[in-house]
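> sequence-free structure coming up:
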């Protein structure tokens, strides 16, 4: 499903981060969903083309490694034991989203500090020291489990908009550059200290979905056993009094943007959008927003197509067809 943006965004991500990290590990989830929003046609063709794109990107960055998500019984047991203390975890969450694949990616990186990013994340600011700044933040604050870049291009007053996870809200963190403290995690982008995870948390609980979520999962053909990865991480952080800090870092800083939708207009304009982000040529209306908004691209048709009732009707049709 990521092919059309990976072609442009993987080289962009390498440009943004390669000077700060030891290596990239690109994980490819080859598990094929048969229904729901993660179902895709011409799967094999897309997968083959994606391997070509990643191979091309690796020619200019030798520290790029590729790992298919390993679904062998032995690897699933290793990952499940490391993060959950059990022998097996579901492949997918109740909503059909990735579950095992996220934790496999963290595990296979074999590092204390792992910076996880989804394939559609963009980076602006141009910092060459953000990773160092984020590690310093975690080392100085024992209550910080994860960090992330600043959410969107910063405003002069450093205000941010659109945050909060099921009633949570961020607070400004006293640092020498703009930063916010959160009690939630987004799996789209975060850097985690796995040593701190093991010493402070040990393992995560496999929290079950609500009755309504289980009903939806059965209707859509998804396994009804576990909440989303970010929900588990968020609840565990909250009960353990741990936090996430989003920080800009030393000037010029690092910030992220995420496209909330996909549309033909988005794919057509993606090279132009990347250039705007890399050069900092973004409109005033985008400042302080971590999702790419209408000030940069008109999402009207994509937003209409993704209203909840339309989305669920599509998923039900896919379910019936499969």
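Received, thanks. Just so it is clear, the model here is predicted, and its values are computed rather than measured.
> so what secondary structure elements neighbour the helix or strand encompassing residue 132?
Assessed by DSSP states H and E, residue 132 sits inside helix 130-140. Counting contacts by 3 or more Cβ pairs under 8 Å, 6 or more residues apart in numbering; DSSP states H and E, helix 130-140 packs against strand 113-117, strand 144-151, strand 189-193, strand 243-247. Glycine gets a C-beta too; all of them are placed from N, C-alpha and C.
> Please identify the buried residues of that helix?
For helix 130-140, the neighbour count (16 or more other Cβ atoms under 10 Å) marks 130, 131, 133, 134, 137, 138 as buried.
> and these as CSV, adding pLDDT?
Formatted as CSV, the buried residues of helix 130-140 follow (pLDDT from 0 to 100):
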residue, pLDDT
130, 98
131, 98
133, 98
134, 98
137, 97
138, 97
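> Output these as CSV; include the columns distance to residue 207.
Listed next are the buried residues of helix 130-140 as CSV, based on distance: Cβ to Cβ, whole Å:
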residue, distance to residue 207
130, 32
131, 31
133, 32
134, 28
137, 28
138, 25
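> For the strand or helix carrying residue 238, which helices and strands make contact with it?
Assigned by DSSP H and E, residue 238 falls within helix 229-239. Using 3+ Cβ pairs under 8 Å, 6+ apart, the elements in contact with helix 229-239 are strand 144-151.
> which residues are in contact with the strand it packs on?
Strand 144-151 has contacts (Cβ atoms under 8 Å, 6 or more residues apart in numbering) with 123, 125, 130, 134, 137-138, 160, 163, 178-180, 185-186, 189-193, 196-197, 200-201, 233, 237, 242-249, 253-256, 289-290.
> average model confidence for it?
In this model, strand 144-151 has an average pLDDT of 97.
> now do stretch 57-67
What stretch 57-67 shows for mean pLDDT is 92.
> buried stuff in that stretch?
By neighbour count on 16+ other Cβ under 10 Å, the buried set for stretch 57-67 is 57, 58, 64.
> repeat for stretch 223-241
Residues of stretch 223-241 classed as buried: 223-237 (neighbour count, 16+ other Cβ under 10 Å).
> end-to-end on it?
30 Å (Cα to Cα, to the nearest Å).
> Could you do stretch 158-171 as well?
First-to-last distance for stretch 158-171 - Cα to Cα - comes to 12 Å.
> Please, where are all the strands along the stretch 1-150 of the chain?
Here the stretch 1-150 of the chain has its strands, by DSSP state E, counting those that start in this stretch, at 24-28, 64-68, 113-117, 122-124, 144-151.
> how close does the closest residue to residue 296 other than its chain neighbours get to residue 292?
In this structure, residue 296 finds its nearest non-sequential neighbour in residue 286, 5.5 Å apart by Cβ to Cβ, 6 or more residues apart in numbering. To residue 292, residue 286 is 7 Å away according to Cβ to Cβ, to the nearest Å.
> Could you tell me which residues touch both of these two?
Contacts common to residue 286 and residue 292, judged by Cβ under 8 Å, 6+ apart, are residue 257.
> Who's the closest spatial neighbour of residue 116, skipping the chain neighbours?
residue 190 (5.8 Å).
> My read is that that neighbour contacts residue 244, right?
Yes. Residue 190 lies in contact with residue 244 (Cβ atoms under 8 Å); the separation is 6.7 Å.
> Going by residue numbers, what spans are helices in the stretch 51-200 of the chain?
Taking DSSP state H, counting those that start in this stretch, the helices of the stretch 51-200 of the chain run over residues 73-84, 100-108, 130-140, 194-196.
> what's the next secondary structure element after the shortest one?
Right, the one you point to is helix 194-196. helix 211-220.
> same question for that next one, mean pLDDT?
88.
> Run the chain-centre distance for it.
Offset of helix 211-220 from its chain centre (Cα atoms, centre = their mean, to the nearest Å): 24 Å.
> Any buried residues in that helix, and which?
By neighbour count on 16+ other Cβ under 10 Å, the buried set for helix 211-220 is 213, 214, 216, 217, 220.
> Check which helices and strands it sits against.
So helix 211-220, by 3+ Cβ pairs under 8 Å, 6+ apart, packs with helix 308-321.
> sorry, back to before: what is the nearest of the buried residues of helix 130-140 to residue 88?
Of all the buried residues of helix 130-140, residue 88 sits closest to residue 138, with 30.9 Å by Cβ to Cβ.
> contacting residues around the closest one?
Counting by Cβ under 8 Å, 6+ apart, residue 138 touches 113, 144, 147, 193, 196.
> The last one: neighbour count?
Yep, that's residue 196 we're talking about. 19 (other Cβ atoms under 10 Å).
> got it, and the second one?
Here the number of neighbours of residue 144 (other Cβ under 10 Å) works out to 21.
> Not counting its neighbours along the chain, what's nearest it?
residue 138 (5.0 Å).
> And that neighbour, how far from residue 195?
Residue 138 is 10 Å from residue 195, by Cβ to Cβ.
> okay, how far is it across stretch 153-163, tip to tip?
End-to-end distance for stretch 153-163: 14 Å, by Cα to Cα.
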